[in-house]
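>>> Generate a structure from the sequence data that follows.
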Amino acid sequence: MNQRAENMLFTTQRGYTRPTEGTEYMRIKRNIGYWTKEKLQALSPEELEEWRIANRIGPLPDRYGQIVPWFNPDAIDWLIDYLPKNKGLKVLDFGCGGTTIFTSNYTDNMISIDHPTTEWFDDTTSEGVCACECYCVSPARCGRIRTDKIKLWMSVVNPEYNLDIRLRTGESYYSCDEFEDNYFDLIYIDGEYRKQTFINSLSKLKSGGWIFIDNVPDQIKFDQEMINAAEGWEGFKSTKEGPGTWWFQKP
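Residues are numbered from 1 along each chain as shown. Reported below is the predicted structural model:
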């Protein structure tokens with residue numbers, strides 16, 4: 001391991017890797033204003049992986065051999081089995097990140113919705129370095145910087161993939177009015193307004209389609225209104241090794 005890699009110390013909890021804060025190395029790696037596609041292409045595979053980890057673009061791939069969603073391990077295992085057998089699905093992805101990169105390996109029909117998170121986006125230095133040090137949720141969460149990093153990463157590792165990332169705020173994020181009913185085969189909910197997004201997106205899912213909602217119950221309480229909305233749906237719940245991921249199939 002080179003010196004730059006040695007400057008990064010990691011602790012792993014439920015597959016989530018948190019880099020050591022405050023190092024100059026970290027600030028360079030996280031400076032989206034500095035990095036370009038050409039600069040990333042010039043990195044060695046080891047250095048490119050360091051950049052990905054520093055920017056928390058998906059969890060460590062050690063366990064799975066690929067970038068996976070920030071989901072519970074049971075849900076990840078289910079998707080790793082399901083998606084290769086069902087390529088080309090129409091996917092709606094709320095909350096860009098590991099789901100976006102992982103699912104792009106199996107379909108060209110994915111729309112990703114993210115939130116500009118204005119207060120965090122404004123709290124950045126002129127160099128584009130995250131100033132709020134928000135490791136708890138990921139430095140890439142900081143508004144457009146988050147989606148810019150994902151686009152930059154994909155432009156190097158999967159340059160032919162046409163990412164469709166749409167920034168939405170408030171009701172336009174969770175209303176789902178722009179989408180047809182019974183259109184999507186798979187929906188991920190791992191972003192903002194999770195309750196409203198879950199309820200409003202159910203009608204957009206095809207019969208037999210699946211919807212995933214993450215971080216139950218630590219970030220979203222699955223209340224009676226949500227239970228009623230998905231009444232009669234087959235569901236799975238897992239809290240193995242951390243926050244829960246629940247997923248349901250539309251009858």
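>>> Keeping just the C-alphas, turn the host helix or strand of Glu38 into CSV.
If you go by DSSP states H and E, Glu38 is part of helix 37-41. The C-alpha trace of helix 37-41 is given here as CSV (Å, rounded to 0.1, in the frame of the first residue of the first chain):
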residue,chain,number,x,y,z
LYS,A,37,-12.6,12.7,-16.2
GLU,A,38,-9.0,12.9,-17.6
LYS,A,39,-7.4,13.1,-14.2
LEU,A,40,-9.4,10.1,-13.0
GLN,A,41,-8.5,8.1,-16.1
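>>> Strands along the stretch 101-250 of the chain, start to end?
109-114, 165-167, 184-189, 205-216, 234-238, 244-249 (DSSP state E, counting those that start in this stretch).
>>> Now mean neighbour count too, for those strands, in a markdown table please.
Using the backbone N, CA and C atoms, a C-beta is placed for each residue, glycine as well. Below are the strands of the stretch 101-250 of the chain laid out as a markdown table (neighbours: other Cβ atoms under 10 Å):
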| stretch | mean neighbour count |
| --- | --- |
| strand 109-114 | 21 |
| strand 165-167 | 16 |
| strand 184-189 | 26 |
| strand 205-216 | 20 |
| strand 234-238 | 15 |
| strand 244-249 | 22 |
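>>> which residues does Asn162 contact?
Asp108 (Cβ atoms under 8 Å, 6 or more residues apart in numbering).
>>> now Thr197
94, 173-174, 176, 189, 191.
>>> and after the helix holding Glu38, which helix or strand comes next?
Downstream of helix 37-41 (by DSSP H and E), the next one is helix 45-54.
>>> For the residue lying closest to Lys206 once chain neighbours are set aside, give me its contacts.
The spatial neighbour of Lys206 that comes closest, neighbours along the chain excluded (Cβ to Cβ, 6 or more residues apart in numbering), is Asn182 at 5.1 Å. Applying Cβ under 8 Å, 6+ apart to Asn182 gives the contacts 203-207.
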